[in-house]
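Asks: Take this sequence and fold it.
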Amino acid sequence: MNIYRKYFCLILFLLFQLVSGIANAEAGTAKSHFLIGFSQCTTADAWRRTMDQEMQNELIYYSGLDLIIRDAENSSLRQISDIRELISSGVDLLIVSPNESAPLTAVVSEAYKKGIPVIVIDRKIESGDYTAFIGANNYQIGREAGRYAVKLLQGRGRVFEIWGLKGSSPAKDRHNGFMDEISKYPDIKIVKSLTGEWDFSGGKSVMEEVMKSGEEFDLVFAHNDFMALGAYDSYINQKKVKRSFFIGVDGLPGANGGSQAVMDHKLDATLLYPTGGRFAISIAWDILNHKPYKKENELNTLVIDSTNVRALQYQSDEILDLHRRIVSSRQILDEQIKKFYSQRFWLLVAISSLFIVILLGFLLLRAYRNKAKANHKLELQKQEITSKNEELIRISKELEDATRAKLIFFTNISHEFRTPLTLIIGPLENMLMNASLTVDQRNQLDMMLRNANRLLRLINQLMDLRKIDDEKMKLNAGLFDIIAFTRDIREAFNEMAAQKNIEFTFQSQIKEQLIYFDKDKMDKILFNLLSNAFKFAPVSGSIEINVAKVNHVFSGLEKEAIEIQIKDNGPGIPEKHIERIFERFYQVEQEEGNVYPGTGIGLPLTKGFTELHKGDISVLSKPGIGTSFFVYFRLGREHLSDNDIIQHDNEYDHTDRSILSVPDEKETVENPEGISGSKGDIYTDKPLIMIIEDNADVAKFIKSCLSDEYRIMTASNGMEGFEKMYLDEPDLIICDVMMPVMDGLEFSRKLKSDIRTCHIPLILLTARSSHEQKIEGLETGADSYIAKPFNSKHLLVRVQRLIESRQKIRKHYQQDVLSQFVSESKISQLDSNFLKKCSAIIENHLTEPEYGVEQLGAEIGLSRVHVYRKIKHLTGLSVSEFIRNLRLKKAAALLTDSGLTVSEISYQTGFSSPSYFAKCFKDLYNLSPSEYLQVKGKSS
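Replies: Modelled structure (predicted):
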């Protein structure tokens, strides 16, 4: 039945879609594809109404367009509101006839920048943010009016000009064009210029004002026909004997238009000012259909007077009559199309019904056959699924067995590590008791003991984690004072807090509180959390331990509990990592892609110990502010079994607190500010090596390997390295790759791309030892890549060779400062380009004796200190020696080629006197200038 219902619904759906499609097709015959919004500044005058009518008439020829017209009624604010409404309504194209240019510019630009095509008609806005402009050239209209006025006045007369609005751009352009033309005839004067507000009454009132003043005039030029007719009406009522000439602008057809006024001899002429309405629809169609169009469209004008008005009027009447015929034909055609679609609709309904009946019969037959096939197929699938489930169960069991075997092996191996570690730690402790050890020997043995203890701690944690997994970890809880116990734990970290200048506080709302807990496991819980806090708290940061009695929800039930909060102001934990930090072996990534130091064991182990107590642990963290861990332990003993509780206070082993209290991989690098070396030689000429390493033990070991031959300065990350390097430039840098804040790869890229530091040799030292990782390091510009663990002799040799290579380059430049011998294989391309640029700049200033490091630094774009360090490091010469050698090199060339005297050459190469020049020349070439010239003359 389900299959039949399915096919029946499908047939009904197809029938519905077919009928709907036909109905939509019929209804869609009159539906437009595009919607055009037209914001008209006003429809109060006939010219604007003619523009609207022309647009409506033109729409007949484009069946895919609809037009919405909004009348702003001469208000710029209302027009802005109309345009925003049209934009919101989703018009496909916007036509705007601005009431004023400046106020409308912003809203038109807004529409244009939203991707809506905009056609500006009649007057422009004050920006180019429109798709097309349509309008007549008002300046040209003014000039045509001027020419006709000159013709009527025969080069002499008095003119009364009636403006539309003096702030309007069409009025300004018409006035300027008119004035430019009549200004050619000095005997034609503008005797009066008044504003008529673009309408009939305005023209009439200004004419009455002029007539009352008694001002004589021979010609009236009005900026549109309505003002001209108003002025004429007032003028003719005065019954003047001699009639003045009247010229208007617009030339609209129809009974009240300018053309009719010329025929009635009210106006002597009118200038055709096309509305552009028809043209606007035509261009809109081209734009919407992605056809070619012009952005700037200037409409043509002509003078309408008694010589052509009848022909133009006849032509206009014929066009209007033809348009009426087209409208009538279109209406008849639309009716016929509707009938056609109606008949087609019912025909298709009949055919569709027949098709559906046939289809229904076919589908019923097919459904019967498919049902039999489906039942057979389902049976086969059921058998296959059963087989796969059995296979998955078998694989899952094998995987579980393999995982268990791996964990057992891992635990056994970890257990086996304890014996050799015991045999390492014991002798080391005995050796450290020897009072005859040197400071260096004691430091190295202490480093070995500290790291052996750290390894032992990791092994102990792994074994504890394994016991928790196997549920073999036993709780030995007794009734103890948690406040005193926490305060005792806090004391063990006071020394570390002092070393890092951390404000380490303990606060408790209660003085004493007895609860049941296992001292050994509570010790590890608190030490793990405090070690974590010290690992991430910055130098001069703060760590708080807060203890309070609270109500907390355990397994859905609210109980009294002790809350221990451990809070730090470290970098915080990103929100995406919060939910996973208690997963074993999970490590939080920094923003730069590096992983924070640690093993991912401490927090899962802490959670396991807490849950053994039937307690709870949670974390709150905000990046950039800090992190707070909360552990909750219930009061009373009902949550613990009798096997979990001991009857007497066992002493617990806390001898490994020294192991626990040292945060992994986060010790502060010694001597962070100063430069160290062998006693008494810190300020010698030994090369300066910078070690950038976040692990204090590794940094100390490298320092012990190199301090006999070199001065040493240290930094704990790349950012700190850059800060120190700018203060005291090293001769070579040894940098770890995986560090917080700025890692070694980023440091290498920054070092080698900076013109101030790219000459410094760099050795990357890292535990990432694969071939691909080595290539990645060398691609950043590093000079060498050494993998950990490394041979100290190998490191020393690499340092020596890199420094010797730089010394050879300096020696070469001291011998021949202008030679291009140094290739990119010896120094970097940046360094080579730097020296070439310096040489070229200095050669342009050889004649200037006072030219020195200040001027060179200004031209090259570096500070005086950086220019001095850079040239000194690359050439072994001071900047003044470098410049002097370039002067002498140029002087040697002039001696052999120019024919100038020694005195002339000395001044030409920037020496203050010939005697000083001769002394410097002999110091460099071991020959006086004259001797050098003789030697060169003989050799040639």
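Asks: From now on I want contacts and neighbour counts done on CA atoms only, so please keep to that.
Replies: OK.
Asks: show me what contacts Leu428?
Replies: 445-446, 448-449 (C-alpha atoms under 8 Å, 6 or more residues apart in numbering).
Asks: Most neighbours of all those, which one?
Replies: Leu449 (21 neighbours; other C-alpha atoms under 10 Å).
Asks: Okay, and it sits in which element?
Replies: helix 439-469 (DSSP states H and E).
Asks: Just list what that helix packs against, helices and strands only.
Replies: helix 309-432, helix 602-612, helix 657-660, helix 696-706 (3 or more C-alpha pairs under 8 Å, 6 or more residues apart in numbering; DSSP states H and E).
Asks: Can you tell me which of the ones you listed is nearest to Asn476?
Replies: helix 602-612 (10.1 Å; C-alpha to C-alpha).
Asks: got the buried residues for the helix holding Leu449?
Replies: Going by neighbour count (16 or more other C-alpha atoms under 10 Å), the buried part of helix 439-469 is 442-443, 445-450, 452-459, 461-466, 468.
Asks: tell me the angle it makes with helix 696-706.
Replies: 150 degrees (axes from the mean of the first three to the mean of the last three C-alpha atoms, to 10 degrees).
Asks: quick one on the thing from earlier: which of the contacts of Leu428 sits closest to Ile601?
Replies: For those, the nearest to Ile601 is Leu449 (21.6 Å; C-alpha to C-alpha).
Asks: how close does that closest one sit to Glu854?
Replies: Distance, Leu449 to Glu854, using C-alpha to C-alpha, to the nearest Å: 54 Å.
Asks: Kindly report the same for Ala149.
Replies: 73 Å.
Asks: same question, Leu764
Replies: Taken as C-alpha to C-alpha, the span from Leu764 to Glu854 is 35 Å.
Asks: These two: which has the busier surroundings?
Replies: Each of Leu764 and Glu854 has its neighbours counted (other C-alpha under 10 Å); Leu764 has more, 22 against 15.
Asks: Now for that one: which residues touch it?
Replies: Contacts of Leu764 (C-alpha under 8 Å, 6+ apart): 734-737, 744, 777, 782, 784-786.
Asks: Filter those down to the buried ones.
Replies: 734-737, 744, 777, 782, 784-786.
Asks: Next, the buried residues of stretch 787-805.
Replies: Of the residues in stretch 787-805, those buried (16+ other C-alpha under 10 Å) are 795, 798-799, 802-803.
Asks: Return the distance of it from the chain's centre.
Replies: Relative to the mean C-alpha coordinate of its chain, stretch 787-805 is positioned 42 Å out (C-alpha atoms, centre = their mean, to the nearest Å).
Asks: Out of the helices and strands in this protein, which is least certain?
Replies: helix 657-660 (a mean of 44; mean pLDDT, DSSP states H and E).
Asks: for the stretch 201-350 of the chain, which spans come out with low pLDDT?
Replies: Applying pLDDT under 70 to the stretch 201-350 of the chain flags the ranges 239-242, 320, 323, 327, 330.
Asks: Tell me which stretches of it form helices.
Replies: 225-237, 258-263, 277-288, 309-432 (DSSP state H, counting those that start in this stretch).
Asks: returning to that earlier point: among the contacts of Leu764, show me the least confident.
Replies: Lowest in pLDDT among the contacts of Leu764 is Gly777, which has 76.
Asks: Chain neighbours aside, what residue packs nearest to that one?
Replies: Leu745 (6.3 Å; C-alpha to C-alpha, 6 or more residues apart in numbering).
Asks: what's the answer for Leu475, then?
Replies: Asp644 (5.0 Å).
Asks: Pull the number of nearby residues for the one you found.
Replies: Asp644: 18 neighbours (other C-alpha under 10 Å).
Asks: Can we start the residue count at 50 from this point?
Replies: Yep, numbering from 50; the last one is Asp693 now.
Asks: I'd like the distance between it and Asp567.
Replies: 9 Å.
Asks: I'd like the buried residues of stretch 836-854 as a markdown table, with secondary structure, distance to Lys971 and pLDDT appended.
Replies: Below are these laid out as a markdown table (DSSP: H, G, I helix; E, B strand; the rest coil; distance: C-alpha to C-alpha, whole Å; pLDDT from 0 to 100):
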| residue | secondary structure | distance to Lys971 | pLDDT |
| --- | --- | --- | --- |
| Leu844 | helix | 43 | 86 |
| Arg847 | helix | 39 | 88 |
| Val848 | helix | 37 | 89 |
| Leu851 | helix | 34 | 86 |
| Ile852 | helix | 31 | 83 |
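Asks: Quickly find the element holding the closest residue to Ile613 other than its chain neighbours.
Replies: Leaving aside its sequence neighbours, Ile613 sits nearest to Val596 (C-alpha to C-alpha, 6+ apart; 4.6 Å). Element membership for Val596, per DSSP H and E: strand 591-603.
Asks: before we move on, back to that, got any residues that touch both of Asp693 and Asp567?
Replies: 524-526.
Asks: May I ask which of these has the most neighbours?
Replies: Ala526 (26 neighbours).
Asks: Dihedrals phi and psi, that residue?
Replies: Note on Ala526: its backbone torsions stand at phi -90, psi 140 [degrees, to the nearest 10].
Asks: And for Ile630?
Replies: phi -70, psi -20.
Asks: Return the distance of it relative to Ser670.
Replies: From Ile630 to Ser670 the distance is 12 Å (C-alpha to C-alpha).
Asks: tell me, what's touching these two both at once?
Replies: With C-alpha under 8 Å, 6+ apart, Ile630 and Ser670 have no common neighbours.
Asks: Buried residues in stretch 297-309, which are they?
Replies: Neighbour-count burial for stretch 297-309 flags 297-302, 306-309 (criterion: 16+ other C-alpha under 10 Å).
Asks: Equivalent analysis for stretch 896-908, please.
Replies: 896, 901-902, 905-906.
Asks: ditto for stretch 129-147
Replies: 129, 131-132, 135-136, 140-147.
Asks: contact partners of it?
Replies: Counting by C-alpha under 8 Å, 6+ apart, 83-90, 119, 121, 125, 128, 153, 156-157, 160, 165-174, 329, 333, 337 sit against stretch 129-147.
Asks: Among the residues you listed, name the ones in helices.
Replies: Residues of those located in helices (DSSP state H): 125, 128, 153, 156-157, 160, 329, 333, 337.
Asks: could you check the distance from Leu737 over to Asp757?
Replies: 12 Å.
Asks: Please apply the same query to Ile330.
Replies: Per C-alpha to C-alpha, Ile330 is found 90 Å from Asp757.
Asks: Those two: who's more crowded?
Replies: Comparing Ile330 with Asp757 by neighbour count (other C-alpha under 10 Å), the higher total belongs to Ile330, at 24 against 14.
Asks: The more buried one touches Leu108, doesn't it?
Replies: Yes. With contact defined as C-alpha atoms under 8 Å, Ile330 counts as touching Leu108 (7.0 Å).
Asks: circling back to that earlier point, so which elements touch the strand holding Val596?
Replies: strand 552-557, strand 606-617.
Asks: Could I get the CA-only coordinates of that strand as PDB?
Replies: Below are the C-alpha coordinates for strand 591-603, written out as PDB (Å, rounded to 0.1, in the frame of the first residue of the first chain):
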ATOM      1  CA  SER A 591      50.000  36.600  40.200                       C
ATOM      2  CA  ILE A 592      48.800  33.200  41.500                       C
ATOM      3  CA  GLU A 593      46.000  32.800  44.100                       C
ATOM      4  CA  ILE A 594      44.900  29.800  46.200                       C
ATOM      5  CA  ASN A 595      41.400  30.300  47.500                       C
ATOM      6  CA  VAL A 596      39.600  27.800  49.800                       C
ATOM      7  CA  ALA A 597      35.900  28.100  50.700                       C
ATOM      8  CA  LYS A 598      33.000  26.000  51.900                       C
ATOM      9  CA  VAL A 599      30.300  25.900  49.300                       C
ATOM     10  CA  ASN A 600      27.300  23.900  48.000                       C
ATOM     11  CA  HIS A 601      28.100  22.000  44.900                       C
ATOM     12  CA  VAL A 602      26.100  19.600  42.700                       C
ATOM     13  CA  PHE A 603      27.600  16.000  42.600                       C
END
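Asks: pLDDT weak spots in the stretch 600-749 of the chain?
Replies: Looking at the stretch 600-749 of the chain by pLDDT under 70, you get 633-649, 696-734.
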